[in-house]
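Engineer: after the sequence you'll find the predicted model.
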Amino acid sequence: MLENLEKIKQQFSEELNAVNSNAELEKIRVSFLGKKGLVTEQLKNLRDLTPEEKKTAGMQVNKLKNEIEQAIVEYQKTLEEKEYLQEIENSEHYDYTIPGGRGAGTLHPISIVQKQIEDIFKTMGFIIEDGLEIQTEYNNFEAVNIPKNHPARDMQDTYYLDNGQLLKTHTSAAQNAIMKKYGAPKTGEPLRVLFPGRCFRNENLDASHENTFFQLEGIMIGDDISISNLIYFMKVLLSEVFERDVKVRLRPGFFPFVEPGFELDINCEICEGSGCPTCKHSGWLELLPCGMIHPNVLRMGGIDPDKYTGFAFGLGLTRLAMMKYNIKDIRLFNSGNIKQLRQFTR
Ligand SMILES: [Zn+2]
């Protein structure tokens, strides 16, 4: 009997080494540990032994049974790992060994639109600034006139960090720091700043919602800045981006950081204003919130609201890129799908 067990053990390891799939592994398990399996047969054979022999042999058969069970579990892990590595091997991946110039990457569609807008605004005297992605609650909310318990906080599902800071929910989080950095305009030239950035909200993902998206915001502050300045800059911006002469209209809109606040619409390009499903038959597409900077926001930024006024506008950069390139699913942007993203390269 002892010889028999050694043989079974030997046979098991030989067969196990040849296994390449879960199905094959299961076959081996059945042939050794199943109802009619080799090891199970040995357990049945114990009946024919004397009590003394039964004790020793029983222990040995059980030991073999445990070893085989253990080996099968281990092998399953190895198989899973193998499968995982195989999957990576088969998937499309970037080959770092391709010499420079041949496998070079391309600009992301959001970077393309962002750069285009930055270039337009630079020619109009705007400074480009970068905001931090990790922000204090103060910068993200209080400093832009969204105090604690303000309903606007509920509308922005925020990722809070363990240290009490948060991932910024909008580019406005940079406003306070920018105003403090540059201060009130000193030379009579208005302060003009453009600040694009990545924003985060805990959204349920679908074709039009992402937890990570880009906005672009601009402010202009001076002695005599009015709504007509705002409309002028928006018309220039949109005409350049869409490469056509756009008509815009303002509707009253409520945003805590501006007073008065507006929703800016552009005329629908698809139907040229006569009404279609894309514009919900209104002839207009809602594009960006804007308005005159709220006196509280100026004050918190260290700028005297009795002396200076300013406008602010926010633009969904991700949304704009979707409109410009006719991208139907927002999830494409963060997908890392190089084949899809490459088609927007100029
Ligand atoms: Zn339309």
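Structural biologist: Cool, the structure landed. Numbers count the residues shown, from 1 in each chain.
Engineer: could you pull out the buried residues of stretch 178-198?
Structural biologist: Using 16 or more other C-beta atoms under 10 Å as the test for burial, stretch 178-198 gives 178-179, 182, 184-185, 190-198. All C-beta spots, glycine's among them, are computed from the backbone N, C-alpha and C.
Engineer: is the nearest residue to residue 251 once chain neighbours are set aside in a helix, a strand, or coil?
Structural biologist: With sequence-adjacent residues excluded and distances taken as C-beta to C-beta, 6 or more residues apart in numbering, residue 251 is closest to residue 263, at 4.7 Å. Put simply, residue 263 is strand when judged by DSSP: H, G, I helix; E, B strand; the rest coil.
Engineer: can you report how many residues lie near residue 263?
Structural biologist: Residues lying near residue 263 (other C-beta atoms under 10 Å) number 18.
Engineer: now it, which residues is it bridged with?
Structural biologist: In this entry, residue 263 is beta-bridged to residue 251, residue 289, by DSSP bridges.
Engineer: what's around the residue in the stretch 51-200 of the chain that the ion sits nearest to, how many residues?
Structural biologist: Using C-beta to the ion, the single residue of the stretch 51-200 of the chain nearest to the ion is residue 113, 21.4 Å away. Close neighbours of residue 113, defined as other C-beta under 10 Å, add up to 25.
Engineer: about what we covered before: test my guess that the residue nearest to residue 251 contacts residue 284.
Structural biologist: No: with contacts counted by C-beta atoms under 8 Å, residue 263 stays clear of residue 284, the gap being 9.8 Å.
Engineer: re the thing from before, which residue is the nearest non-sequential neighbour of the residue of the stretch 51-200 of the chain closest to the ion?
Structural biologist: Nearest non-adjacent residue to residue 113, counting by C-beta to C-beta, 6+ apart: residue 321, 4.7 Å away.
Engineer: kindly report the same for residue 274.
Structural biologist: Nearest residue to residue 274, sequence neighbours excluded (C-beta to C-beta, 6+ apart): residue 283, at 6.3 Å.
Engineer: okay, that neighbour: pLDDT?
Structural biologist: The model reports residue 283 with a pLDDT of 88.
Engineer: isn't it right up against residue 269?
Structural biologist: No: using C-beta under 8 Å, residue 283 makes no contact with residue 269, being 10.7 Å away.
Engineer: the protein against the ion: which residues are in contact?
Structural biologist: 268, 270, 271, 276, 278, 279 (C-beta under 5 Å from the ion).
Engineer: domain ranges for the chain?
Structural biologist: Listed by automatic domain parsing, the domain ranges of the chain are 2-90, 109-342.
Engineer: so of those domains, which one's packed in deepest?
Structural biologist: Mean neighbour count (mean count of other C-beta atoms under 10 Å) peaks for domain 109-342 among the domains of the chain, with a mean of 17.
Engineer: who touches residue 334 in this structure?
Structural biologist: Going by C-beta atoms under 8 Å, 6 or more residues apart in numbering, residue 334 touches 210, 212.
Engineer: go on, residue 248?
Structural biologist: By C-beta under 8 Å, 6+ apart, residue 248 lies in contact with 231, 234, 235, 238, 264, 265, 266, 267.
Engineer: of those residues, closest to the ion?
Structural biologist: residue 267 (8.4 Å).
Engineer: so the closest one touches residue 284, yeah?
Structural biologist: Yes: assessed by C-beta under 8 Å, residue 267 is found in contact with residue 284 at 6.2 Å.
Engineer: what helices and strands are in contact with the lengthiest helix in the chain?
Structural biologist: If you go by DSSP state H, the chain has its longest helix at helix 51-90. When contacts are defined as 3 or more C-beta pairs under 8 Å, 6 or more residues apart in numbering; DSSP states H and E, helix 51-90 packs onto helix 2-17, helix 22-33, helix 38-45.
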